[in-house]
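In: below are the sequence and a predicted model for it; my questions follow.
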Amino acid sequence: MPDAALPTIALLATGGTIAGAQTGEPSGAYRAGSLPVEALLSAVPGLQRLARLQPEQVASVGSQNIGLDTWATLVERVQALCADPSIDGIVITHGTDTLEETAYLLSLVLPWSKPVVLVGAMRPATALGADGPANLYNAVALAAHPQAFGRGPLVLMNDEIHEAALVQKMAANGVDAFASPNGGRAGTVHAGTPRFVRPAGAALPARFALPPRGDDGSRDWPVVDIVHAHAGMDGAVVDFMAARARGIVLAGVGDGNASDAVLDALERAALRGVAVVRSTRTGSGWVGRNVEVDDDARHFIAAGPLSPQKARVLLMLALAAGVTQAEAQALFEQA
Ligand code: SIN
């Protein structure tokens with residue numbers, strides 16, 4: 001019988017490896033998003049001593065298939081739960097592959113008040129040593145903790161707490177795949193006890209709205225593509241992207257650089273009104289304006305600390321909100 005004095009935590013399930021089931025032995029093959037939220041809960045003893053849980057299945061997919069419509073559905077649901085006084089915190093189970101993109105999106109469109117915790121697993125639920133149950137236990141404990149207020153969406157993986165703007169999946173395998181290379185983790189959770197390394201900030205309003213709805217009723221997300229730079233690259237892929245995209249993010253070499261041919265193609269795109277953001281493919285660091293590349297002359301935006309995939313999220317929301325290039329540059333510097 002749930003204790004009425006416990007916090008109420010909404011648990012939104014979207015699929016991922018945390019809900020994955022193996023498809024054969026002894027290979028590592030499995031299918032993400034196979035198990036319903038009730039099965040995830042039944043694998044975690046002691047959850048009912050942490051919180052009263054309200055489970056909901058929002059999607060059942062591998063996170064590579066979380067598209068713009070699912071994002072909009074998830075955001076609207078979390079916005080409603082943030083506004084619901086009977087809910088104390090929200091946990092979202094999510095595939096790890098794009099978890100940082102969803103976390104960052106939520107950090108831009110939600111108020112920073114009630115705790116929102118995203119959690120996944122690197123091993124499927126049916127694997128030996130599955131990490132999902134312990135991650136889920138710690139995520140619920142974190143979402144129910146008073147010190148989780150005012151920090152924006154948090155990510156819980158492998159006993160570590162990460163902030164949405166900083167967190168990154170750094171490895172394809174292993175339970176320690178997540179880190180925050182540009183700022184360090186926000187804290188730890190051991191056996192359900194969160195400890196933070198930084199104080200929480202004040203509650204903040206949401207910075208962006210979702211894109212407006214188009215004629216067909218779905219959200220009108222601007223198309224933003226990512227182009228991955230490599231040695232000796234020509235500009236053909238950029239020219240192709242520029243024909244359809246409102247924004248292009250360069251996952252550049254080093255501090256957001258690319259071959260002359262790619263920079264020239266990006267400049268052509270910028271002159272046609274495509275927003276061009278330079279970020280780095282290296283995985284960490286800061287891409288500043290006018291260092292190796294003349295952003296002023298070429299009409300580019302420097303991504304600051306954001307990875308290519310997070311730069312894409314911010315650029316989509318900024319374009320939908322109609323910001324100017326100068327305003328967009330300021331947004332990236334504050335990211
Ligand atoms: C996914 O992102 O859905 C699959 C991989 C994972 O969750 O670890």
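Out: Okay, I see it.

In: with adjacent residues omitted, what lies nearest to residue 319?
Out: residue 222 (4.1 Å; Cβ to Cβ, 6 or more residues apart in numbering). Yep, even glycine has a C-beta here, placed from its N, CA and C like the rest.

In: now do the phi/psi pair for that neighbour.
Out: Backbone torsions of residue 222, given as degrees, to the nearest 10, read phi -70, psi 140.

In: does the longest helix seen in the chain reach the ligand?
Out: When the chain is parsed with DSSP state H, its longest helix is helix 68-82. No. Using Cβ under 6 Å from any ligand atom, helix 68-82 stays clear of the ligand, with a minimum separation of 12.0 Å.

In: state the phi and psi torsions of the residue lying closest to residue 23 once chain neighbours are set aside.
Out: Excluding the flanking residues, the one nearest residue 23 by Cβ to Cβ, 6+ apart is residue 29, at 4.8 Å. Backbone torsions of residue 29, given as degrees, to the nearest 10, read phi -70, psi 140.

In: the closest residue to the ligand within the chain: neighbour count?
Out: Nearest to the ligand in the chain, going by Cβ to the nearest ligand atom, is residue 95, at a distance of 2.0 Å. By other Cβ atoms under 10 Å, 25 other residues sit near residue 95.

In: hmm, it is touching residue 17, no?
Out: Yes. Counting by Cβ atoms under 8 Å, residue 17 is a contact partner of residue 95 at 6.1 Å.

In: hmm, who's touching the longest helix of the chain?
Out: The contact list for helix 68-82, computed with Cβ atoms under 8 Å, 6 or more residues apart in numbering, reads 10, 12, 14, 56, 58-59, 61, 87, 90, 92, 102, 105-106, 109-111, 113-114, 116, 210, 218-219, 221.

In: list the buried residues of it.
Out: Across helix 68-82, burial judged by 16 or more other Cβ atoms under 10 Å covers 68, 70, 71, 72, 74, 75, 77, 78, 79, 81, 82.

In: and the following helix or strand past it, what does it pack against?
Out: Downstream of helix 68-82, the next assigned helix or strand under DSSP states H and E is strand 89-93. Under the contact criterion of 3 or more Cβ pairs under 8 Å, 6 or more residues apart in numbering; DSSP states H and E, strand 89-93 touches strand 8-15, helix 68-82, strand 116-119, helix 132-143.

In: same thing but 10 Å
Out: strand 8-15, strand 52-61, helix 68-82, helix 99-109, strand 116-119, helix 132-143 (3 or more Cβ pairs under 10 Å, 6 or more residues apart in numbering; DSSP states H and E).

In: what's the most buried one of those?
Out: Across these, the average number of neighbours (mean count of other Cβ atoms under 10 Å) peaks for strand 116-119, which reaches a mean of 28.
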